[in-house]
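[1] Here is a sequence with its predicted model. Questions after.
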Amino acid sequence: MASRLFLLHLLVAALLWAVAAGQDTKVVLPAWPSCSATDNYTDSSQYKRNLDQLFVAFPTEAGDNGWFYKGSAGSGADEVFGLIMCFADRNATQCLDCLAGAGAGIRQACPGSRNANATYDACLLRYSATPIPADADLGAVFAVYVSGEPVTSQGLGNAWLRLMTKLTAGVTASPRRLANDSAPYSSSQEMYGLAQCTRDLNASECTSCINNYVGRLGDLFPNNTGGAIKGYSCYLRYQVGSFEITLPPTPALPPAALPTPTPPQQPSPEPGSSSNSKTGLAIGLSVGAASLIVLGSLIWLHRLRRRKRARLLDEGRGRELEQGNFFEDEPAMDEDEFEKGTGPKRFRYGELAEATDNFSDNHKLGEGGFGSVYRGFLKDMGLEVAIKRVSKGSKQGKKEYASEVRIISRLRHRNLVQLIGWCHGGGELLLVYELMPNGSLDTHLHSSGEDNQLPWSRRHEIVLGLGSALLYLHQDWEQCVLHRDIKPSNVMLDASFSAKLGDFGLARLVDHGRGSHTTVLAGTMGYMDPECMITGRASAESDVYSFGVVLLEVACGRRPMVPRRRGGEEEEEEDDGAVHIVQWVWEFYGKGDVIGAADERLKGEFDAGEMEAVVLVGLWCAHPDRSLRPSIRQAVNVLRGEAPLPSLPARMPVATFMPPPEAFYYTSSVATGSSSSGNTGTTKSSTTETSTLLK
């Protein structure tokens with residue numbers, strides 16, 4: 001580390017020396033800059049030196065990382081955060097020119113600015129005095145026009161619709177956040193398109209950015225057979241007729257290939273002028289020496305990074321060889337069967353060790369029931385991820401790991417947590433997920449801080465998203481997927497607070513219409529179907545029950561076990577002072593006061609019709625008699641306002657397979673769930689303490 005810092009300082013010093021000697025660095029001026037106007041830095045400040053250091057790093061770092069880089073330089077109050085990305089329809093030469101000259105160009109366009117964003121012909125650049133958030137910047141849109149009249153406006157609109165649908169789906173599914181495709185424009189012509197997001201955006205933020213641009217196409221290009229929209233987070237282009245996606249997917253950029261700045265031309269000396277010749281010679285020698293130092297420093301930095309990475313990868317390969325066949329003690333499974341899922345990547349242990357700085361505690365996001373979760377950065381993909389490290393020697397964790405990969409790797413839905421990849425090398429079991437910036441639903445529902453309170457509009461969207469995920473799992477996929485552990489700590493929230501259901505460690509596959517043959521008790525007390533706890537049989541109806549409890553928790557802001565009311569005050573006794581939320585809400589319904597169960601922290605700021613629908617569907621799904629529960633499709637239709645509200649008995653029915661609900665529901669109020677979520681209830685068959693996953 002010390003040698004690396006020394007070389008970086010040497011690099012900056014050499015660069016400043018070259019400038020002082022009269023050298024002009026390559027300058028590419030931005031087409032659309034946005035500059036901060038307050039709290040500017042000075043030329044002698046540490047912030048300026050850190051910014052120079054960041055600009056110097058852009059060509060090598062982005063070249064090694066698929067033409068994208070997000071990083072920082074310096075530390076403390078003067079740390080500078082930056083991001084740069086080349087547009088995929090520009091060739092390597094154009095990209096390198098932009099990487100090398102964008103920094104100097106933004107300095108000229110925004111002198112002294114501590115924060116700036118800019119788009120260029122071949123790239124975009126951002127830098128800031130604070131970390132650049134992984135949120136789509138929708139505030140700036142720049143249009144690039146291509147002349148030409150369409151055959152018909154209707155033909156243009158139809159081609160847009162087909163093409164943009166393909167691009168939106170493709171760019172969010174791509175780890176590189178890049179998609180190109182085509183659609184028919186006329187009987188003899190095709191419309192081609194490109195969608196690209198900065199790779200720090202998750203799928204939801206990328207979708208939001210591209211959809212925002214798609215919505216502006218009609219206004220910006222009403223009669224143009226080609227055009228592009230550029231911003232600071234994404235890029236969208238279409239054109240009648242093909243164009244090339246020219247950047248290679250895995251570029252190799254040796255530091256020696258970096259363009260060397262050209263020294264300025266000196267005016268021709270007058271005859272007999274020896275002083276001019278001597279001055280020119282001195283400048284030439286200074287520039288040459290500075291260039292050699294810069295080049296040498298870059299080569300050393302490059303080699304140091306390569307050696308460190310190679311060491312981790314070699315260590316990982318050795319540990320993978322020691323591990324042998326992951327399924328050698330389970331004859332019914334083998335590696336080929338395990339890898340039938342398509343999409344997620346099998347990583348080497350060394351790659352994930354490098355991504356987490358060898359699983360440093362500084363990268364740890366939290367602890368779960370069968371391991372820890374770390375924040376990581378996959379350099380080759382330019383992607384921030386959450387890496388779950390299953391505890392060694394955990395037999396149940398091993399089973400959940402296998403179930404997670406085998407099932408979720410085959411699922412594709414916008415409301416499911418995306419599995420990026422997996423690894424069972426080096427004696428480790430590792431799962432790589434997309435990073436969920438807003439953590440899990442339970443941390444927001446039960447937060448004591450005002451800032452973390454979820455407004456009703458977001459709660460309602462979360463409910464619809466979770467319902468959509470279950471509809472896909474139960475009815476729209478090729479088999480029925482029983483999740484078996486639906487609860488708020490397994491509902492993750494992306495940067496836009498869209499719900500994504502995660503943790504498929506307890507999930508099971510059954511054929512449609514076959515019913516359940518799973519007889520091992522699994523799930524979390526409080527969310528488990530009471531009949532399932534008696535019989536051990538999981539089914540689609542037991543998942544629906546858990547969904548109903550979550551709906552009530554979202555609407556009421558209360559955990560599954562609710563303190564009893566006495567004289568208008570809530571008191572909690574040591575023995576039997578709690579009641580299950582289903583019974584608690586049903587009492588409000590019986591009195592004709594469903595709205596009275598709403599979360600008091602909302603202070604009445606909600607749509608009464610939506611609140612009533614969520615509460616009634618929650619009760620319907622959690623009906624004690626599973627034969628009277630709705631299918632997930634029926635429940636979602638009511639939540640969407642596409643079907644009438646259900647009619648339920650005024651008093652909560654008593655299930656025939658068990659004692660009266662009051663005697664059952666408050667038998668346990670021990671909190672043994674996730675330490676971060678504090679969920680009331682115990683987890684059977686699996687300690688599903690995963691609320692810290694992907695935060």
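    Yep, it's here. Numbers count the residues shown, from 1 in each chain.
[2] so where's the stretch 251-400 of the chain shaky on pLDDT?
    Applying pLDDT under 70 to the stretch 251-400 of the chain flags residues 251-343, 368-370, 391-396.
[3] Now with 50, please.
    Applying pLDDT under 50 to the stretch 251-400 of the chain flags the ranges 251-281, 283, 287, 294, 312-313, 315-334, 337, 341-342.
[4] Check the stretch 1-150 of the chain too.
    Within the stretch 1-150 of the chain, the segments meeting pLDDT under 50 span 1-24.
[5] Could you pull out the strands in it for me?
    With DSSP state E, counting those that start in this stretch, the ranges of strands along the stretch 1-150 of the chain come out as 32-35, 68-73, 80-86, 116-119, 123-128, 142-146.
[6] Parallel or antiparallel, list what pairs with the first one.
    This means strand 32-35. Strand 32-35 pairs in its sheet with strand 116-119 (antiparallel), by DSSP bridges.
[7] pull the CA atoms of the strand it pairs with into PDB?
    Extracted in PDB, the C-alpha atoms of strand 116-119 (Å, rounded to 0.1, in the frame of the first residue of the first chain):
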ATOM      1  CA  ALA A 116     -19.500  18.700 -12.200                       C
ATOM      2  CA  ASN A 117     -21.300  16.500 -14.700                       C
ATOM      3  CA  ALA A 118     -20.700  16.400 -18.400                       C
ATOM      4  CA  THR A 119     -21.500  14.400 -21.500                       C
END
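[8] residues making contact with that strand?
    By C-beta atoms under 8 Å, 6 or more residues apart in numbering, the residues outside strand 116-119 that reach it are 30-36, 102, 105-106, 109-110, 124-128, 137, 140, 142, 230-232. Heads up, the C-betas are built off the backbone N, CA and C, glycines and all.
[9] again, only using 7 Å
    For strand 116-119, contacts defined as C-beta atoms under 7 Å, 6 or more residues apart in numbering pick out 30-36, 106, 109-110, 124-127, 142, 230, 232.
[10] could the strands of the stretch 1-150 of the chain go into TSV alongside distance to His474?
    What follows is those, written out as TSV (distance: least, C-beta to C-beta, whole Å):
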stretch	distance to His474
strand 32-35	47
strand 68-73	38
strand 80-86	40
strand 116-119	44
strand 123-128	42
strand 142-146	44
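[11] now, of those, which is deepest in the fold?
    The highest mean neighbour count among those, using mean count of other C-beta atoms under 10 Å, belongs to strand 80-86: a mean of 26.
[12] Alpha carbons of that one, as CSV, please.
    Written as CSV, here are the backbone C-alpha positions of strand 80-86 (Å, rounded to 0.1, in the frame of the first residue of the first chain):
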residue,chain,number,x,y,z
VAL,A,80,-13.0,13.4,-4.8
PHE,A,81,-15.4,10.9,-6.2
GLY,A,82,-15.7,10.2,-9.9
LEU,A,83,-17.3,8.2,-12.6
ILE,A,84,-16.6,7.9,-16.3
MET,A,85,-18.2,5.7,-19.1
CYS,A,86,-17.7,5.4,-22.8
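[13] Just checking: what are the partner strands of that strand?
    Strand 80-86 has its sheet partners listed here by DSSP bridges as strand 68-73 (antiparallel), strand 123-128 (antiparallel).
[14] packing partners for the helix or strand harbouring Tyr545?
    Element membership of Tyr545 [criterion: DSSP states H and E] is helix 540-556. The contact analysis (3 or more C-beta pairs under 7 Å, 6 or more residues apart in numbering; DSSP states H and E) places helix 540-556 against helix 456-471, strand 480-482, helix 581-590, helix 608-621.
[15] Indicate which one of the ones you listed is closest to Tyr349.
    Checking those against Tyr349 by C-beta to C-beta gives strand 480-482 as the closest, at 29.0 Å.
[16] I'd like the mean pLDDT over the following helix or strand past that closest one, please.
    Following strand 480-482 in sequence order, the next helix or strand is strand 491-493 (DSSP H and E). On average, the pLDDT along strand 491-493 is 94.
[17] Over to stretch 542-555?
    Mean pLDDT, stretch 542-555: 96.
[18] How about residues contacting that stretch?
    Applying C-beta under 7 Å, 6+ apart, the contact partners of stretch 542-555 are 445, 459, 462-463, 466, 470, 474, 482-484, 486-488, 527-529, 532, 559-560, 581-582, 585, 597-599, 611, 614-615, 617-622, 629-630, 632, 635.
[19] Repeat the analysis, applying 6 Å as the threshold.
    Under the criterion C-beta atoms under 6 Å, 6 or more residues apart in numbering, residues 459, 463, 470, 482-483, 486, 527, 529, 532, 560, 581, 585, 614-615, 618, 621-622, 629, 632 lie in contact with stretch 542-555.
[20] I'd like to know which of the strands of the stretch 1-150 of the chain is closest to Glu354.
    Nearest to Glu354 among those is strand 68-73 (15.0 Å), distances taken as C-beta to C-beta.
[21] quick one: contacts of that closest one?
    Residues outside strand 68-73 that contact it (C-beta under 6 Å, 6+ apart) are 50, 53-54, 61-62, 79-81, 83-85, 199-200, 382.
[22] Now tabulate those residues in a markdown table and tack on distance to Val432.
    Below are the contacts of strand 68-73 laid out as a markdown table (distance: C-beta to C-beta, whole Å):
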| residue | distance to Val432 |
| --- | --- |
| Asn50 | 31 |
| Gln53 | 31 |
| Leu54 | 28 |
| Glu61 | 22 |
| Ala62 | 23 |
| Glu79 | 28 |
| Val80 | 29 |
| Phe81 | 24 |
| Leu83 | 22 |
| Ile84 | 25 |
| Met85 | 22 |
| Arg199 | 15 |
| Asp200 | 16 |
| Gly382 | 14 |
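[23] Tell me which two in the residues you listed are the farthest apart.
    The largest separation in these, counting by C-beta to C-beta, is between Asn50 and Arg199 at 23.2 Å.
[24] residues touching the closest residue to Gln189 other than its chain neighbours, list them.
    Spatial nearest neighbour of Gln189, excluding adjacent residues (C-beta to C-beta, 6 or more residues apart in numbering): Val240 at 5.6 Å. Residues near Val240 by C-beta under 6 Å, 6+ apart: Tyr185, Gln189, Met191, Thr225.
[25] pLDDT value on Val240, please?
    Val240 carries a pLDDT value of 87.
[26] Who does it form a beta bridge with?
    With DSSP bridges applied, Val240 shows beta-bridge pairing to Met191.
[27] how does this protein divide up, domain by domain?
    Domain assignment for the chain by automatic domain parsing gives 2-132, 142-240, 335-434, 441-684.
[28] helix, strand or coil for Glu400?
    Classification of Glu400 by DSSP: H, G, I helix; E, B strand; the rest coil places it in helix.
[29] So it versus Tyr472, what's the distance?
    21 Å (C-beta to C-beta, to the nearest Å).
[30] Between these two, which has more neighbouring residues?
    Glu400 (28 against 19; other C-beta atoms under 10 Å).
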